[in-house]
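> Below are the sequence and a predicted model for it; my questions follow.
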Amino acid sequence: MAMKLLLVLCCSVMAALPGYAVASESSSASVSLRQQASADLQHRLELRIKQLHLQRAVREHRLSVALVDVTDPAAPSLAQLNGDEMMYAASLPKIAILLAAFERIAHGQLALDDDTRQTMTRMIRYSSNKDATAMIRKVGKEYINRVLESPRYRLYDPQYNGGLWVGKEYATGTAFHRDPLHHLSHGATAMQVARFYYMLDTGKLVSPHFSSEMKNILSHPGIHHKFVKGLRNTNAKIYRKSGSWRDFHADSALIEHHGRQYIAVALAHDRRGGVWMTRLIAAMDQIIFEHADYVAAEKGAAHVASLEPTRTKHLM
């Protein structure tokens with residue numbers, strides 16, 4: 001009886017740790033984006049990068065891009081350039097603070113009251129540094145990166161050159177924990193950010209309910225530059241977090257547009273990075289619809305081919 005009680009207590013404690021218990025379920029049920037590379041989407045992305053005269057920035061590792069068609073979440077299509085390039089990402093990693101906060105909320109360690117909700121909303125939609133710092137202190141500095149490194153998420157993974165990282169408050173002062181591989185205070189890779197949005201879209205960040213809560217906070221961007229500016233003449237719904245600091249620019253979004261849904265991420269180290277991203281998102285939006293036409297044509301051709309044996313038999 002005592003042994004059984006001890007086992008229950010141990011399981012309860014471990015279940016409260018970020019990423020424990022559902023790690024195996026999450027990894028087996030999720031589609032790995034890295035295994036969903038699309039030759040057509042990749043070709044179209046590389047062509048547009050060339051047309052935008054950004055191939056040198058890609059070649060010099062000053063620009064990284066990830067584009068994922070998630071219209072069918074069970075069968076995403078991926079294209080990426082320098083997807084595992086770790087870069088300083090300014091305010092974009094505030095999405096990691098959001099995730100860690102909802103892990104605390106799910107375990108009853110933080111109340112989702114009006115004050116907390118409004119603080120997180122200002123942190124994301126308006127990129128408030130004051131509110132981001134307040135949330136870091138509420139959630140716990142080291143807890144954020146434990147969530148990112150946890151087996152469930154692996155949003156910071158040394159095997160893939162790092163990923164999302166928050167090692168400094170968004171305030172004056174020194175970093176409390178720079179990332180182990182590149183010593184960045186606020187870092188990201190395009191692929192890991194794309195994985196964040198894919199897990200968000202499929203309800204795998206904390207839980208389906210809390211994924212929906214996070215998605216709502218990421219909606220209605222309050223800063224109209226970069227990706228938002230590039231899509232200003234469309235009716236696209238944008239769930240987004242960007243970042244800017246000196247010559248570093250970042251943007252990331254889950255976008256719903258005319259029946260298509262896709263994830264777009266771009267990180268740049270160049271003073272023109274913001275302008276690049278405005279042009280990039282317009283190009284990526286077009287790529288998604290061109291790719292959809294290509295996939296539809298391929299399916300149509302495959303269907304016709306499957307009917308050929310029957311047709312030949314009737315002709316005979």
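Right, received. Where do you want to start?
> any idea of the mean pLDDT in stretch 130-141?
On average, the pLDDT along stretch 130-141 is 98.
> which element follows the helix or strand of the chain with the lowest mean pLDDT toward the C-terminus?
In the chain, the helix or strand scored least confidently by mean pLDDT, DSSP states H and E is helix 23-29, which has a mean of 36. Counting by DSSP states H and E, the next helix or strand C-terminal to helix 23-29 is helix 39-51.
> from the chain's centre, how far out does that following helix sit?
20 Å (Cα atoms, centre = their mean, to the nearest Å).
> For that helix, C-alpha coordinates in CSV please.
C-alpha atoms of helix 39-51 as CSV (Å, rounded to 0.1, in the frame of the first residue of the first chain):
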residue,chain,number,x,y,z
ALA,A,39,10.2,19.9,-53.9
ASP,A,40,7.6,22.1,-55.6
LEU,A,41,7.3,24.5,-52.7
GLN,A,42,11.1,24.6,-52.3
HIS,A,43,11.6,25.4,-56.0
ARG,A,44,9.1,28.2,-55.9
LEU,A,45,10.6,29.7,-52.7
GLU,A,46,14.1,29.6,-54.2
LEU,A,47,12.9,31.2,-57.4
ARG,A,48,11.2,34.1,-55.5
ILE,A,49,14.2,34.6,-53.4
LYS,A,50,16.2,35.0,-56.6
GLN,A,51,13.6,37.4,-58.1
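> next helix or strand past that helix?
Next along from helix 39-51, by DSSP H and E: helix 55-59.
> quick one: average pLDDT of that following helix?
98.
> what does stretch 197-206 give?
98.
> all helices for the protein, in order.
Under the criterion DSSP state H, the chain contains helices at 2-15, 23-29, 39-51, 55-59, 94-106, 114-125, 129-139, 141-149, 190-201, 208-218, 227-230, 273-315.
> Let me know the pLDDT of Leu9.
Leu9 is given a pLDDT of 41.
> any weak-confidence spans in the protein?
Counting by pLDDT under 70, the ranges of the chain that qualify are 1-30, 301-316.
> hmm, 90 instead?
1-31, 294-316 (pLDDT under 90).
> could the helices of the chain go into a markdown table alongside distance to Ala74 and mean neighbour count?
Quick note: C-beta positions are derived from backbone N, CA and C, even for glycine. Formatted as a markdown table, the helices of the chain follow (distance: least, Cβ to Cβ, whole Å; neighbours: other Cβ atoms under 10 Å):
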| stretch | distance to Ala74 | mean neighbour count |
| --- | --- | --- |
| helix 2-15 | 28 | 9 |
| helix 23-29 | 10 | 12 |
| helix 39-51 | 17 | 16 |
| helix 55-59 | 30 | 15 |
| helix 94-106 | 23 | 25 |
| helix 114-125 | 28 | 18 |
| helix 129-139 | 32 | 19 |
| helix 141-149 | 25 | 20 |
| helix 190-201 | 11 | 26 |
| helix 208-218 | 15 | 17 |
| helix 227-230 | 26 | 22 |
| helix 273-315 | 14 | 15 |
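> mind putting these in JSON lines, distance to Ala175 included?
Listed next are the helices of the chain as JSON lines, based on distance: least, Cβ to Cβ, whole Å:
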{"stretch": "helix 2-15", "distance to Ala175": "30"}
{"stretch": "helix 23-29", "distance to Ala175": "28"}
{"stretch": "helix 39-51", "distance to Ala175": "33"}
{"stretch": "helix 55-59", "distance to Ala175": "27"}
{"stretch": "helix 94-106", "distance to Ala175": "15"}
{"stretch": "helix 114-125", "distance to Ala175": "19"}
{"stretch": "helix 129-139", "distance to Ala175": "12"}
{"stretch": "helix 141-149", "distance to Ala175": "10"}
{"stretch": "helix 190-201", "distance to Ala175": "19"}
{"stretch": "helix 208-218", "distance to Ala175": "25"}
{"stretch": "helix 227-230", "distance to Ala175": "28"}
{"stretch": "helix 273-315", "distance to Ala175": "23"}
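> That concludes my questions; thank you for your assistance.
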